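Return a 3D structure for these sequence lines:
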Amino acid sequence: MNEQETILEFEDDHFDPIELFLDALFLEQGLSDNTIAAYRNDLEKFSDFVQKQLNGQEILAVSVADIEAYLAHRVDLGLKPRSTARSISALKRFYLYWVNHKKIAQSPLVNIAQPKTVQSLPKTLTEQEVEALLAAPDVEDAMGLRDKAMLELLYATGLRVTELVGLRIEQINLRQAVVLVKGKGGKERMVPMGQESLRWVEQFLKVGRPQMVKHANDFVFPSKRGIGMTRQTFWHRIKHYAMLADVKSPLSPHTLRHAFATHLLNHGADLRVVQMMLGHSDLSTTQIYTHVASERLKSLHEQHHPRA
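Okay, the predicted model is just below:
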């Protein structure tokens with residue numbers, strides 16, 4: 001089929017294919033704001049390339065050669081293969097959507113392969129580093145007590161930071177010591193809190209939270225102003241406590257989530273149980289932690305075995 005023949009006639013000259021696609025992701029598939037923002041970023045970067053490098057070509061009229069030119073452009077910019085792989089995934093989903101909606105006859109990415117990427121191991125902490133980090137907040141202060149409860153809950157449950165800061169009162173069952181987590185794509189999962197995090201969450205709700213909440217709201221962990229906290233704010237709090245605890249290991253917003261999974265596996269937890277608690281839809285996503293656990297076992301073997 002000629003590339004020119006793959007383009008079907010548009011019904012509306014003013015429609016925005018990117019915005020309509022993103023609306024569909026939100027309305028029909030219930031994807032999170034963060035996921036949609038990632039799609040928007042990838043698609044707008046491609047749209048910007050099309051406008052500047054392809055003489056204002058219509059985004060639904062690009063050819064395979066145009067896609068290849070964009071991928072070459074990304075290589076010239078020195079962008080990482082993992083970033084390009086994510087961009088290709090976004091573009092494939094975008095064009096497949098418009099194929100299904102009869103705006104184009106076929107996707108220009110049908111024969112575009114994903115670049116090979118090296119799966120990097122997630123950054124994590126030792127159990128001693130986690131203990132030091134959890135001990136850093138000043139629990140005599142309402143904000144310190146809040147941070148202590150948040151860190152304990154994060155490590156006990158493996159929640160994403162976004163899930164933690166968005167946690168509402170009705171999602172926590174103190175009697176059963178479980179959290180109902182609303183994760184990616186609107187999926188819900190029940191995660192046990194553990195006795196230690198339960199103790200600190202109960203103490204914060206009883207003592208610290210009433211001091212911080214100025215106006216009625218149902219966030220479990222309010223900000224200093226008594227409203228919902230942003231994930232960026234909590235990330236800054238984690239880095240603050242890491243400095244106080246003299247934690248030298250590299251940190252990321254998911255560090256305690258990674259530590260949660262790795263330490264569970266190190267202590268014999270079943271991989272599928274960890275998958276359920278993390279909210280991974282695919283077991284292969286969770287399997288990366290088995291590599292971390294294996295590296296830890298190798299290290300212990302080399303350190304302690306007389307013939308290592």
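
can you tell me the average pLDDT over the helix or strand harbouring Phe49?
Element membership for Phe49 (DSSP states H and E) is helix 33-53. Per-residue pLDDT over helix 33-53 has a mean of 90.

how far out from the middle of the chain is that helix?
Remark: helix 33-53 is offset 18 Å from the chain centroid, using Cα atoms, centre = their mean, to the nearest Å.

Give me the contact list for that helix.
Helix 33-53 is contacted from outside by 18, 21-22, 25-26, 31, 56-57, 59, 62, 66, 69-70, 73, 86-87, 90-91, 93-94, 162, 184-185, using Cβ atoms under 8 Å, 6 or more residues apart in numbering. For every residue, glycine as well, the C-beta is placed using N, CA and C.

Buried residues of that helix, list them for me.
Applying a neighbour-count criterion of 16 or more other Cβ atoms under 10 Å, one finds Ile36, Tyr39, Arg40, Asp42, Leu43, Lys45, Phe46, Phe49, Val50 buried in helix 33-53.

re earlier: among the contacts of helix 33-53, which ones are in helices?
Of the contacts of helix 33-53, the ones assigned to helices by DSSP state H are 18, 21-22, 25-26, 66, 69-70, 73, 86-87, 90-91, 93-94, 162.

Weed out the non-buried ones from those residues.
Phe21, Leu22, Leu25, Asp66, Tyr70, Arg86, Ser87, Ala90, Leu91, Arg93, Phe94, Thr162.

got a markdown table for the residues you listed, with pLDDT and distance to Arg225 too?
Converted to a markdown table, those look like this (pLDDT from 0 to 100; distance: Cβ to Cβ, whole Å):
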| residue | pLDDT | distance to Arg225 |
| --- | --- | --- |
| Phe21 | 93 | 36 |
| Leu22 | 92 | 31 |
| Leu25 | 87 | 32 |
| Asp66 | 91 | 48 |
| Tyr70 | 91 | 43 |
| Arg86 | 89 | 35 |
| Ser87 | 91 | 37 |
| Ala90 | 92 | 35 |
| Leu91 | 94 | 40 |
| Arg93 | 93 | 38 |
| Phe94 | 95 | 38 |
| Thr162 | 88 | 19 |
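
Please identify which two of those residues are farthest apart in space.
The largest separation in these, counting by Cβ to Cβ, is between Asp66 and Thr162 at 34.9 Å.

Any chance of a markdown table for the buried residues of helix 33-53, columns distance to Val207?
As requested, the buried residues of helix 33-53 are exported to a markdown table (distance: Cβ to Cβ, whole Å):
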| residue | distance to Val207 |
| --- | --- |
| Ile36 | 38 |
| Tyr39 | 42 |
| Arg40 | 42 |
| Asp42 | 45 |
| Leu43 | 47 |
| Lys45 | 48 |
| Phe46 | 51 |
| Phe49 | 54 |
| Val50 | 56 |
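
give me phi/psi at the residue nearest the centre of the chain?
Closest residue to the average C-alpha location of the chain: Arg160 at 6.7 Å, with Cα atoms, centre = their mean. Arg160 adopts backbone torsions of phi -70, psi 150, taken as degrees, to the nearest 10.

I figured it hits Arg257, correct?
Yes - taking Cβ atoms under 8 Å as the definition, Arg160 is a contact partner of Arg257 at 6.4 Å.
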